[in-house]
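Trainee: The following block contains a protein sequence and its predicted model.
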Amino acid sequence: MNKKCDILILGGGTAGIITAAQLQKQHEKFSVIIVEPSEKHFYQPAYTLVGAGTYKMKDCIRPEADYIPSGVEWIKEYAEKIDPHQQLVYLKNGDAISYRTLIIATGVTYDFSMIEGLKEALDKGIACSNYLDPEKTWELLNQFKGGNAVFTQPSTPIKCGGAPQKAAYISADYLRKKGLANKTNIILAMPGSVIFGVKPVAESLLAKVKEYNIQLMLGLNPVKIDSVNKKIYFKIVIQDAFKISDEVSKKIELYIEKEIVVIPFDFLHLAPPQTTHTFLKESGLTNLQGWVDVNINSLQHKVYPNIFSLGDAAALPTAKTGAAIRKQVPVLIENVISYLKQKQVNNYSYQGYSSCPLVTGYNEMVLAEFNYKNEFTPDPKLKQMLVFNSAKPHWRLWILKKYILPHLYWNKMLRGIKV
């Protein structure tokens, strides 16, 4: 069975649903199909709070069917191949869809093979990840009695790049409240050369690192987990960034073998390595790093003018967040419609806006808003909340994170209402 449509959207997550909803509100005359296999829609920004025991997982999940916009056809199937020359997408069930324009909003997939032993460690409950099972994180955090608590992330791009360190801060706050701070060595190991790319935000985070007595280790990329002996191995990827005193090394029993740093752990939280889906790479639509190769300002593919991409799957040098999608959607829609009508695009206005809500403890948060240049660009509307410096931790930003943003997401953004 073959179908035809003006606009085909691959992916029914945040990017796909918001795009479809705004398209229907503004351009009903165009036929739109969404391809999305999942019957559930997940609000992932709250996973950090679930992992800290202050939000329920059930409140992060709703039926996908409730958010497919009226007038949009939903095909509940996996995409398996794209033929950009014939303008066809082949599905797992053998059907094909012919499109005039294609929007790729497929998000990321996890590649556990990039860290030796990762899958085993997760399956055995030796390691945890808010990305995969935040309830397990909360369970292991509650069981933790002291020792080395390691928080880390891979060198690949990841969705919500601040999530691994958010887990470290709120866990540190929890352990302090539980009276375990003096029995715990909290280690935050990151592959980059700085804690965060936006200077005023980085200053606030470094202050929290000092307050919680976190051992920050930069320039380290996790490569192996030994579940039997509970050790994690890191490759030193930025020699100048990795600095550690003999005192700290002895305290946490760290040792170095050639270019590999080995740290024993009693609690381990990490983000899994992330990439795009194999079928996208096989379709010839990605760059050398594996992300959909679009113009970073127009979101139009560099080779195939009737293909567009946004969200986590797109090769955009900014943080992969829902807030970024909110700013990408209007630009993409204008260009898709312009292409359908005139075979050209005119909107090159997306400047890389993204936002990382960085929870720094219970009842406080930093809100990092920035662009491609890593310039701090706070929303003027925050002043209406009496937040005058969102680079500093604030309790009102916690209210925004826990209560306001979920409400806006489910009731406004996914309904195509601009916020």
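Mentor: Yes, it's here.

Trainee: drop to CA atoms for contacts and neighbour counts, all remaining ones
Mentor: OK.

Trainee: quick one: the residue lying closest to Ala181 once chain neighbours are set aside and Ile399, what's the gap?
Mentor: Nearest residue to Ala181, sequence neighbours excluded (CA to CA, 6 or more residues apart in numbering): Leu175, at 5.5 Å. Distance of Leu175 to Ile399, given as CA to CA, to the nearest Å: 22 Å.

Trainee: Run through the helices of the chain in chain order.
Mentor: 14-26, 47-50, 118-123, 134-143, 163-177, 199-211, 246-252, 278-282, 322-342, 395-399, 405-411 (DSSP state H).

Trainee: JSON lines please, covering these and showing distance to Lys230 and mean pLDDT.
Mentor: Converted to JSON lines, the helices of the chain look like this (distance: least, CA to CA, whole Å; pLDDT from 0 to 100):
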{"stretch": "helix 14-26", "distance to Lys230": "36", "mean pLDDT": "96"}
{"stretch": "helix 47-50", "distance to Lys230": "24", "mean pLDDT": "98"}
{"stretch": "helix 118-123", "distance to Lys230": "9", "mean pLDDT": "98"}
{"stretch": "helix 134-143", "distance to Lys230": "14", "mean pLDDT": "98"}
{"stretch": "helix 163-177", "distance to Lys230": "19", "mean pLDDT": "97"}
{"stretch": "helix 199-211", "distance to Lys230": "24", "mean pLDDT": "98"}
{"stretch": "helix 246-252", "distance to Lys230": "13", "mean pLDDT": "95"}
{"stretch": "helix 278-282", "distance to Lys230": "32", "mean pLDDT": "96"}
{"stretch": "helix 322-342", "distance to Lys230": "34", "mean pLDDT": "97"}
{"stretch": "helix 395-399", "distance to Lys230": "34", "mean pLDDT": "97"}
{"stretch": "helix 405-411", "distance to Lys230": "36", "mean pLDDT": "98"}
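
Trainee: mind giving me CSV with those and columns for mean neighbour count?
Mentor: Shown next, in CSV, are the helices of the chain (neighbours: other CA atoms under 10 Å):
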stretch, mean neighbour count
helix 14-26, 23
helix 47-50, 25
helix 118-123, 17
helix 134-143, 19
helix 163-177, 22
helix 199-211, 17
helix 246-252, 12
helix 278-282, 15
helix 322-342, 20
helix 395-399, 19
helix 405-411, 15
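
Trainee: Out of the ones you listed, flag the one nearest Gly361.
Mentor: Nearest of the helices of the chain to Gly361, taken as CA to CA: helix 163-177 at 4.3 Å.

Trainee: and for the closest one, what are the contacting residues?
Mentor: 48, 51-52, 130, 141, 151-153, 181, 186, 188, 208-209, 212, 269-271, 358-362 (CA atoms under 8 Å, 6 or more residues apart in numbering).

Trainee: Can you dump the C-alpha atoms of that helix in CSV for me?
Mentor: Only the C-alpha atoms of helix 163-177 are listed here, as CSV (Å, rounded to 0.1, in the frame of the first residue of the first chain):
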residue,chain,number,x,y,z
ALA,A,163,21.5,16.3,32.2
PRO,A,164,24.4,14.3,33.5
GLN,A,165,25.7,17.2,35.7
LYS,A,166,22.2,18.0,36.8
ALA,A,167,22.0,14.5,38.2
ALA,A,168,25.3,15.1,40.0
TYR,A,169,24.1,18.4,41.7
ILE,A,170,20.7,17.2,42.8
SER,A,171,22.2,13.9,44.0
ALA,A,172,24.8,15.8,46.0
ASP,A,173,22.1,17.8,47.6
TYR,A,174,20.2,14.6,48.5
LEU,A,175,23.2,13.0,50.0
ARG,A,176,23.9,16.1,52.0
LYS,A,177,20.4,16.1,53.4
